[in-house]
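Student: Sequence isn't available, so here's the structure alone:
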């Protein structure tokens, strides 16, 4: 079933089927975020581009070294069957972290300039990096909905409140 799901999602390579379908879908979507060429493999340039887009200071050589650590078959690329264990291992570590600490890490990734607040520009960049097509009006609405103190920026406490709230109670 997971193999069929992989093929439905456009992945042609072999797939280990010892995990849940919902988790498989989530991991495959993450894989697609990295695999910008759509060839079912992540090369060093794609790995570098994604990390750079999310504000990490990484040169191509570091991306190449990271890829070598993940690349189980030694072909210089990461396939889905190499990516899945990596994501699952990361998820296991994330489960051990407190929810607030996880949100702090996410906030820090979104805070592209590291100044401790999210601006409209940073929100837009994050959505673009995730492949979302949002308008300036969408970003303004989102920011105004989250920015409780009206300073035009989203601080961590406002972000924490948003992420801890019931989505049905959103303004």
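Tutor: Cool, got the structure. All of these numbers come straight from a predicted model, not from anything done at the bench. Numbers count the residues shown, from 1 in each chain.
Student: What segments of the protein are helices?
Tutor: Listed in chain order, the helices of the chain (DSSP state H) span 2-8, 21-34, 44-53, 60-70, 80-96, 99-110, 120-129, 136-146, 156-164.
Student: relative to helix 44-53, how tilted is the fourth one?
Tutor: Using axes from the mean of the first three to the mean of the last three CA atoms, to 10 degrees, the inter-axis angle of helix 60-70 relative to helix 44-53 is 110 degrees.
Student: what mean pLDDT would you report for helix 60-70?
Tutor: Across helix 60-70, pLDDT averages out at 89.
Student: so where's the chain uncertain?
Tutor: 1-21, 90, 92-97, 166-171 (pLDDT under 70).
Student: Walk me through the domains of it.
Tutor: Using automatic domain parsing, the domains assigned to the chain come out as 21-96, 99-169.
Student: JSON lines please, covering those and showing mean neighbour count.
Tutor: Just so you know, the C-beta spots here come from the backbone N, C-alpha and C atoms, and that holds for glycine as well. Shown next, in JSON lines, are these (neighbours: other CB atoms under 10 Å):
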{"stretch": "domain 21-96", "mean neighbour count": "15"}
{"stretch": "domain 99-169", "mean neighbour count": "14"}
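Student: Touching, residue 49 and residue 37? I think so.
Tutor: No: with contact defined as CB atoms under 8 Å, residue 49 does not count as touching residue 37 (10.3 Å).
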